[in-house]
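model this:
(chains A and B)
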There are 2 protein chains.
Amino acid sequence: MRHVILCEPNISEGRDRGLIDQIFDQVRKVEEIKILDTSSDADHNRSVLTYIGEPEMVLSATQAMAAKAIELIDMRRHQGSHPRMGAVDVVPFLPIRGIDKQAVVEIARRFGRFLGELGVPVYYYEDAATRPEREHLPAIRKGGYEALPEKMKDPQWEPDEGPFEFNARSGATVTGVRFPLIAFNVNLRTTDAGVADRIARAVRHIDGGFRYVRAIGLSLEEQGMVQVSMNLVNYAQTPIPRVLETIRFEAARRGVTIAGTELIGPVPLVALHEVIKHYLQAHDFSMDQIIETALLD
Amino acid sequence: MRHVILCEPNISEGRDRGLIDQIFDQVRKVEEIKILDTSSDADHNRSVLTYIGEPEMVLSATQAMAAKAIELIDMRRHQGSHPRMGAVDVVPFLPIRGIDKQAVVEIARRFGRFLGELGVPVYYYEDAATRPEREHLPAIRKGGYEALPEKMKDPQWEPDEGPFEFNARSGATVTGVRFPLIAFNVNLRTTDAGVADRIARAVRHIDGGFRYVRAIGLSLEEQGMVQVSMNLVNYAQTPIPRVLETIRFEAARRGVTIAGTELIGPVPLVALHEVIKHYLQAHDFSMDQIIETALLD
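Residues are numbered from 1 along each chain as shown, chains lettered A, B, ... in the order given. From the prediction side, this is the model:
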């Protein structure tokens, strides 16, 4: 499998196990697709399925899954505490291996057209956005499903695909392409939460830090430590080692050491390849030298 | 593919392309096996094929390959500068992923019994050795094919499998299990070859260094640098970061910095996993979190 993308659809059903299974089974039954994670939240009344595979395979399975969700979920009866717009709510596609962003945008657009043809208004976001004000999900989703009837009268909210009219049963869908996000936490040997807070501000974009870092400082009361908790939203432009070493440097001038770090959830090999090259100074080390990559061909 | 082993048979034919292909095609035609490398040396008159796959698949393909080599190669006519004992000369099996040494020893033993039944005397070496004096290949191979008639009269050299008599046509075969070896070079910003030499001696086993490190110092005349050139023969017991940081420390006290490093040839992911955990201090980071590993299941 030379070309791999990841898809992580969020659907607006998190309570009825039978219904969720009927929908997600459209993806699970495809042998060539590997499921990384499934989660359902009853309070939010939404479910997320995470899977990877070849682009065409992921696209067709995601279409089948979405069609089933449109068939079975009625937004007029949906209640849940998480902001949402539609039965098929948000569907991000992510490049993982051997494929560039633009090729994945094409996949997302084909998915969008498919949903549009089913009568669902579709908005493209992040790297698939058609205009700057649609880049960020919260901006598109503001007001949620309940705000859709009004939005559908405002020319600014003409959908990228599908009818320019409120679909009461299915709501609207946001789809697009984003970079794999890496959840990375650095634990510091101090109980002073102010240290984590100041270091978080030193590395995060909003306060003058690295462009692709979001960070907050936390107390880990039980461990007697504090944590800089981060989302690295573009590991290619802001690599993990650069962030970690900056934190080490900032901690050292406060006399604090790093107790350890946590990589949370799935991480693409290419992000780790960068870590290896950086720390080993192995400038010419190629991913193809990793024996297991031969099995992915 | 949860369980992966590597096999790297050396056969005593490096000149007749047609013959080599007939032999190695027995492995190449197996779709589930991935070829990592092929090389033939006319002076040595030997060829090496490197491949990975599921243990049972690798075993049966290697058996077919060996049977073909026994059929086509006549050691009575073999000439070459490399030490060798048989048509199928040395066949190491290596654990790569999800399999322990003992299970790979079982594979090597089944391969040995197969060859024995074809009438070839077989010796087990390294982790498959049946006695300490057969652990190291040079000790078994001493004198090569030409010494076999005498060896076959000495009770000390009773083979582990196959007949205890000289097989003039096929010679003898050595098979066993060894750990993946990592070729790792560290380049130093000095032209003083003595620095590389002293650091090589600081890290290598023979002179008091790390148990699983073999090292020599070299001059890289063209680059105006020197190099500590190493084989790390057990990356689990002597991990890459520990060796690199020791070299950095030894270089620093001579006022020399590391210009870069080179990882040569194939490297198993598990060795790199250790590098990531070490430098990121990511104590709980699991290989299963690497997205691509899901594709190997």
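
Would you mind naming what in the stretch 1-150 of chain A lies close to chain B?
Within the stretch 1-150 of chain A, the positions adjacent to chain B are A:1, A:4, A:6, A:34, A:35, A:36, A:52, A:96, A:97 by Cβ under 8 Å from any Cβ of the partner chain. Where you see a C-beta, it was placed from the backbone N, CA and C, and this is true even at glycine.

Distance to residue B:146 and neighbour count added to these, as TSV?
Conversion of the residues of the stretch 1-150 of chain A next to chain B to TSV gives the following (distance: Cβ to Cβ, whole Å; neighbours: other Cβ atoms under 10 Å in any protein chain shown):
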residue	distance to residue B:146	neighbour count
A:1	49	17
A:4	52	25
A:6	59	23
A:34	53	20
A:35	59	15
A:36	57	16
A:52	55	25
A:96	55	22
A:97	51	20
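
Narrow those residues to those in strands?
A:4, A:6, A:34, A:35, A:36, A:52, A:96, A:97 (DSSP state E).

Quickly list what the first one is bridged to.
In other words, residue A:4. For residue A:4, the beta-bridge partners under DSSP bridges are residue A:97.

distance of it from residue A:215?
Counting by Cβ to Cβ, to the nearest Å, the gap from residue A:4 to residue A:215 is 29 Å.

Okay, strands next: where are they in chain A?
A:4-7, A:10-11, A:34-41, A:46-53, A:88-97, A:122-126, A:173-177, A:182-188, A:213-220, A:225-232, A:258-264.

and residue A:71, which of those is closest to it?
strand A:88-97 (10.8 Å; Cβ to Cβ).

which other helices and strands contact the closest one?
Applying 3 or more Cβ pairs under 8 Å, 6 or more residues apart in numbering or on different chains; DSSP states H and E, we find strand A:88-97 packed against strand A:4-7, strand A:10-11, helix A:55-72, helix A:101-117, strand A:173-177, helix A:269-280.

most packed of the ones you listed?
The highest average neighbour count among the helices and strands packed on strand A:88-97, using mean count of other Cβ atoms under 10 Å in any protein chain shown, belongs to strand A:173-177 at a mean of 28.

now the helices and strands packed on strand A:88-97 as TSV including mean pLDDT?
Formatted as TSV, the helices and strands packed on strand A:88-97 follow (pLDDT from 0 to 100):
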stretch	mean pLDDT
strand A:4-7	96
strand A:10-11	97
helix A:55-72	98
helix A:101-117	97
strand A:173-177	98
helix A:269-280	95
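
So chain A: which segments form each domain?
What automatic domain parsing lists as the domains of chain A is A:4-177, A:182-296.

Could you export the ones you listed as JSON lines, including distance to residue B:133?
JSON lines is the format used below for those (distance: least, Cβ to Cβ, whole Å):
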{"stretch": "domain A:4-177", "distance to residue B:133": "47"}
{"stretch": "domain A:182-296", "distance to residue B:133": "32"}
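
Kindly state the beta-bridge partners for whatever residue of the stretch 1-150 of chain A ends up closest to chain B.
Closest residue of the stretch 1-150 of chain A to chain B, Cβ to the nearest Cβ: residue A:34 (4.2 Å). With DSSP bridges as the criterion, residue A:34 is bridged to residue A:52.

For the residue in the stretch 101-250 of chain A positioned nearest to chain B, grab the count of nearby residues.
Nearest to chain B in the stretch 101-250 of chain A, going by Cβ to the nearest Cβ, is residue A:244, at a distance of 6.4 Å. Other residues near residue A:244 come to 24 when the count uses other Cβ atoms under 10 Å in any protein chain shown.

For residue A:242, list the residues it contacts.
By Cβ atoms under 8 Å, 6 or more residues apart in numbering or on different chains, residue A:242 lies in contact with A:210, A:278.

Per-residue confidence, it, what does it come out as?
pLDDT, residue A:242: 97.

next one: residue A:80
At residue A:80, the pLDDT value in this model is 82.

Kindly report the same for the one 5 residues further on.
According to the model's per-residue confidence, residue A:85 sits at a pLDDT of 96.

Residue A:170 is in contact with that one, correct?
No. Using Cβ atoms under 8 Å, residue A:85 is not in contact with residue A:170; the gap is 9.8 Å.

how many neighbours does the residue nearest to residue A:117 when sequence neighbours are not counted have?
Sequence neighbours aside, residue A:162 is the residue nearest to residue A:117 in space, at 7.5 Å (criterion: Cβ to Cβ, 6 or more residues apart in numbering or on different chains). A total of 22 residues lie near residue A:162 under the criterion other Cβ under 10 Å.

ok, residue A:162 - contacts?
The contact partners of residue A:162, by Cβ under 8 Å, 6+ apart, come to A:115, A:116, A:117, A:118, A:119, A:120, A:121, A:122.

Out of these, which two sit at the greatest distance?
A:117 and A:121 (11.9 Å).

what's the burial count for residue A:30?
Neighbour number of residue A:30 under other Cβ under 10 Å is 19.

Read off the pLDDT value for it.
Residue A:30 carries a pLDDT score of 96 in this model.

Now do the same contact list for the spatially closest residue to it that is not a sequence neighbour.
Excluding the flanking residues, the one nearest residue A:30 by Cβ to Cβ, 6+ apart is residue A:61, at 4.7 Å. Counting by Cβ under 8 Å, 6+ apart, residue A:61 touches A:26, A:27, A:30, A:33, A:51, A:53.

Would you agree the residue of the stretch 101-250 of chain A closest to chain B is in contact with residue B:280?
Yes. Assessed by Cβ under 8 Å, residue A:244 is found in contact with residue B:280 at 6.4 Å.

Give the intersection of the neighbour lists for these two.
Common contacts of residue A:244 and residue B:280 (Cβ under 8 Å, 6+ apart): residue A:261.

To residue B:68, which of the domains of chain A lies closest?
Nearest of the domains of chain A to residue B:68, taken as Cβ to Cβ: domain A:182-296 at 23.3 Å.

ends of the closest one, how far apart?
Start-to-end span of domain A:182-296 (Cα to Cα, to the nearest Å) is 22 Å.

For chain A, give me the ranges with low pLDDT.
The model of chain A has pLDDT under 70 over residues A:1, A:297.

Nearest residue to residue A:196 in space, ignoring adjacent ones along the chain?
Nearest to residue A:196 is residue A:217, by Cβ to Cβ, 6+ apart, at 3.2 Å.

Just grab the bridge partners of that neighbour for me.
Under DSSP bridges, the beta-bridge partners of residue A:217 are residue A:228.

Around it, how many other residues sit close by?
Applying other Cβ under 10 Å, we find 20 residues neighbouring residue A:217.

out of the domains of chain A, nearest to residue B:222?
Proximity to residue B:222 (Cβ to Cβ) singles out domain A:182-296 among those, at 15.8 Å.

quick one on the thing from earlier: among the strands of chain A, which is the most enclosed?
Of the strands of chain A, the one with the most neighbours on average (mean count of other Cβ under 10 Å) is strand A:173-177, at a mean of 28.

Pull up the pairing partners for that one, direction included.
strand A:88-97 (parallel), strand A:122-126 (parallel).

could you give the angle of that strand to helix A:55-72?
Inter-element angle recorded for strand A:173-177 and helix A:55-72: 170 degrees (by axes from the mean of the first three to the mean of the last three Cα atoms, to 10 degrees).

Alpha carbons only: can I get strand A:173-177 in CSV?
Extracted C-alpha coordinates of strand A:173-177, given in CSV (Å, rounded to 0.1, in the frame of the first residue of the first chain):
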residue,chain,number,x,y,z
THR,A,173,-21.8,18.3,6.3
VAL,A,174,-18.3,19.7,6.6
THR,A,175,-15.6,17.8,4.8
GLY,A,176,-12.0,18.6,3.9
VAL,A,177,-8.4,17.8,4.4
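
Thank you, goodbye.
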